[in-house]
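Asker: Structure of the sequence below:
(one chain, ligands or ions: 1)
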Amino acid sequence: MKKEHKDQVQPDPNMPAIAFSQVHKGFDSRKVLDDISFSIVTGETICILGRSGTGKSVALRLMIGLMKADSGTVTVMGEDVATLDAVGLSHMRRRMGFLFQSGALFDSFSVRDNLALPLRRLNKEKSEGEIKDAVEEALQQVGLEEEGEKMPSALSGGMQKRAGLARALVLQPQILLIDEPSSGLDRITACEINDLLLKIKTERHTTMAIVTHDIYGARRIGDKFVVLDETKLLAFGTPKELDERHDHRLNQFISEAGR
Ligand SMILES: Nc1ncnc2c1ncn2[C@@H]1O[C@H](COP(=O)(O)OP(=O)(O)OP(=O)(O)O)[C@@H](O)[C@H]1O
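Answerer: So this is what the prediction gives:
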């Protein structure tokens with residue numbers, strides 16, 4: 001019998017959207033993630049914090065199956081990512097949007113065509129009219145409706161991020177993974193991106209995992225923090241819970257003071 005993939009069923013709001021259970025990941029003999037466990041439910045936003053090189057981006061890559069854990073399990077929308085074959089992975093990724101550091105737009109296509117591309121490739125049943133409407137809606141969401149005909153290189157850094165975000169949104173993902181939404185942006189532009197993420201979270205109830213060094217943004221958007229420190233999970237919880245620990249080491253990562 002043909003396997004029914006989970007994009008044909010409604011998500012269970014009580015099921016963890018993303019769960020790490022005793023995850024270990026290293027490269028050669030070097031540990032990067034050592035016994036990491038946490039989970040978030042549908043609609044929650046998690047911010048992954050920690051110093052450079054602590055495995056934050058590796059954690060995102062494990063979530064989309066670009067890497068496999070050495071041991072432990074990474075579950076996304078109820079599926080153990082490591083057990084999925086190529087077809088299963090592709091079904092899972094269709095329900096996820098990604099915004100990685102570069103924005104990942106194709107330079108030789110206009111912004112509008114960049115957005116239409118995943119719809120043409122993955123939603124073959126959509127008519128050109130429906131694709132156009134979906135593209136316009138995503139452009140509007142990020143405030144780029146006037147810039148659709150421009151090439152990505154003609155956009156400012158902040159606009160490129162917004163265009164990348166629009167491309168991630170165009171497939172209406174249930175989960176959005178974002179690596180450094182504010183990197184390379186000035187504070188005001190970074191705030192605009194954070195506002196946008198907050199709007200998406202509120203209006204669409206999209207589950208988000210955001211890797212960031214921007215503690216101001218993390219405190220505005222994050223329901224929960226994962227704090228990584230020297231391969232270990234230093235802390236996991238709501239910002240309020242973590243503040244109440246009054247832990248000096250933890251405060252270095254989650255406090256706005258001194259930044
Ligand atoms: N494919 C890979 N092969 C070997 N080592 C890797 C690979 N991917 C990541 N690493 C190593 O794993 C460690 C964690 O990398 P990662 O990119 O997750 O850090 P990060 O916490 O996201 O850092 P930053 O905040 O600087 O972006 C780094 O030392 C990196 O060199």
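
Asker: In the stretch 151-259 of the chain, which residue sits nearest the ligand?
Answerer: V211 (5.9 Å; CB to the nearest ligand atom). (Glycine included, C-beta is placed from N, CA and C.)

Asker: Tell me how far that residue lies from T54.
Answerer: Distance of V211 to T54, computed by CB to CB, to the nearest Å: 10 Å.

Asker: try S255
Answerer: Counting by CB to CB, the separation of S255 from T54 is 17 Å.

Asker: of all the residues in the stretch 151-259 of the chain, which ones are close to the ligand?
Answerer: Residues of the stretch 151-259 of the chain lying close to the ligand (CB under 6 Å from any ligand atom) are V211.

Asker: pLDDT weak spots in the stretch 151-259 of the chain?
Answerer: Along the stretch 151-259 of the chain, segments meeting pLDDT under 70 span 257-259.

Asker: all helices of it, in order?
Answerer: 157-169, 187-204, 215-221, 239-243, 248-254 (DSSP state H, counting those that start in this stretch).

Asker: Counting neighbours, which bits of stretch 41-59 end up buried?
Answerer: 41-50, 54-59 (16 or more other CB atoms under 10 Å).

Asker: oh, I was asking about stretch 18-25
Answerer: For stretch 18-25, a neighbour-count test (16+ other CB under 10 Å) marks 18-21, 23, 25 as buried.

Asker: Repeat that for stretch 71-90.
Answerer: Of all the residues in stretch 71-90, those buried under the rule 16+ other CB under 10 Å are 72-77, 79, 81, 84, 88.

Asker: Leaving out chain neighbours, which residue sits closest to R220?
Answerer: N194 (5.5 Å; CB to CB, 6 or more residues apart in numbering).

Asker: What residues does the one you found make contact with?
Answerer: 181-182, 214, 216-217, 220-221 (CB atoms under 8 Å, 6 or more residues apart in numbering).

Asker: Up against the ligand, what does the stretch 1-150 of the chain have?
Answerer: Counting by CB under 6 Å from any ligand atom, the stretch 1-150 of the chain comes close to the ligand at 27, 32, 50, 52-58.

Asker: Let me see the contact set for A116.
Answerer: When contacts are counted by CB under 8 Å, 6+ apart, A116 touches 131-132, 135.

Asker: and those, which of them are in helices?
Answerer: Counted as lying in helices by DSSP state H, out of the contacts of A116, are 131-132, 135.

Asker: From these, list the buried ones, please.
Answerer: 131, 135.

Asker: Do you have the strands of the stretch 1-150 of the chain handy? List them.
Answerer: 16-27, 30-41, 45-50, 71-76, 79-80, 96-99 (DSSP state E, counting those that start in this stretch).

Asker: Tell me how far L105 lies from the ligand.
Answerer: L105 sits 20 Å away from the ligand, taking CB to the nearest ligand atom, to the nearest Å as the criterion.

Asker: Could you list which residues are in contact with the spatially closest residue to that residue that is not a sequence neighbour?
Answerer: Counting by CB to CB, 6+ apart, P152 is the residue found nearest to L105 once chain neighbours are left out, at 4.1 Å. P152 sits next to 103, 105-107, 109, 111, 114, 160, 163 when contact means CB under 8 Å, 6+ apart.

Asker: how does it look with 6 Å?
Answerer: Contacts for P152 (CB atoms under 6 Å, 6 or more residues apart in numbering) come out as 105, 107, 160.

Asker: Would you quantify the distance from the second one to the ligand?
Answerer: Spatial separation of D107 from the ligand under the definition CB to the nearest ligand atom is 23 Å.

Asker: same deal with P118?
Answerer: For P118 relative to the ligand (CB to the nearest ligand atom), the value is 25 Å.
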